[in-house]
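A.B. asks: model the structure of this input:
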Amino acid sequence: MATWAHLEDELAELQLVLKHRKDYPMLMSVAELLHEIEALPSEERLRLMEKLVQLTEADLPESLRQSMAEAGRGELIEMDEALQELDRRDLSV
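C.D. replies: The predicted structure is shown next:
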C-alpha cells in the first residue's frame, strides 16, 4: 500500500530528475498514479489534496480564492434567496 512518505519520496525524486533533464520519461502513468492515490488512507489523501491546493493556488484568480474561502466558512447564499432579499429591501425603501 502506498504511504504519504512513499509518494513524497517519489515526488522529490521526480522533481530532482526533471530539474536536470527535460526529456526524462514519466515514472508512472496517470492511471498508476490515481491507483496509488486511491490506495492511500483517507488522512493521507486529505494531506495530498491540501498540498495540491497549495501548489495550484497561485494559478487561481483572487476572486475565486475569496469565494472558496467564503464557501469554506459557510458564507454562501442561494441566488433566489439573495434576489428575494433585494426585493424586500426595495419595497421597504
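A.B. asks: please parse this protein into its domains.
C.D. replies: Domain assignment for the chain by automatic domain parsing gives 1-59, 62-93.
A.B. asks: give the contact list for E32.
C.D. replies: Contacts for E32 (CB atoms under 8 Å, 6 or more residues apart in numbering) come out as none. Every C-beta, even on glycine, is put in place using the N, C-alpha and C of the backbone.
A.B. asks: pLDDT at the nearest residue to R45 once chain neighbours are set aside, what is it?
C.D. replies: Excluding the flanking residues, the one nearest R45 by CB to CB, 6 or more residues apart in numbering is I37, at 6.5 Å. The score at I37 is 87. That number is its pLDDT.
A.B. asks: and for the one 4 residues further on?
C.D. replies: At P41 the predicted local distance difference test score is 88.
A.B. asks: helices of the protein, start to end?
C.D. replies: Applying DSSP state H to the chain gives helices spanning 4-20, 30-39, 42-56, 62-72, 79-92.
A.B. asks: for the chain, which spans come out with low pLDDT?
C.D. replies: Residue ranges of the chain with pLDDT under 70: 1-2, 16-27, 93.
A.B. asks: distance of the residue nearest to the spatial centre of it from D87?
C.D. replies: By CA atoms, centre = their mean, the chain has its centre lying nearest to V53, at 3.5 Å. Distance of V53 to D87, computed by CB to CB, to the nearest Å: 37 Å.
A.B. asks: now R47
C.D. replies: Distance from R47 to D87, by CB to CB: 45 Å.
A.B. asks: who has more neighbours out of the two?
C.D. replies: A direct count of neighbours by other CB atoms under 10 Å for R47 and D87 places R47 higher, at 15 against 10.
A.B. asks: tell me who's in contact with that one.
C.D. replies: Here R47 is in contact with W4 (CB under 8 Å, 6+ apart).
A.B. asks: can you check P41 too?
C.D. replies: Counted by CB under 8 Å, 6+ apart, P41 has zero contacts.
A.B. asks: gap between it and S67?
C.D. replies: In terms of CB to CB, P41 sits 30 Å off from S67.
A.B. asks: and E81, by the same measure?
C.D. replies: With CB to CB as the criterion, E81 and S67 are 17 Å apart.
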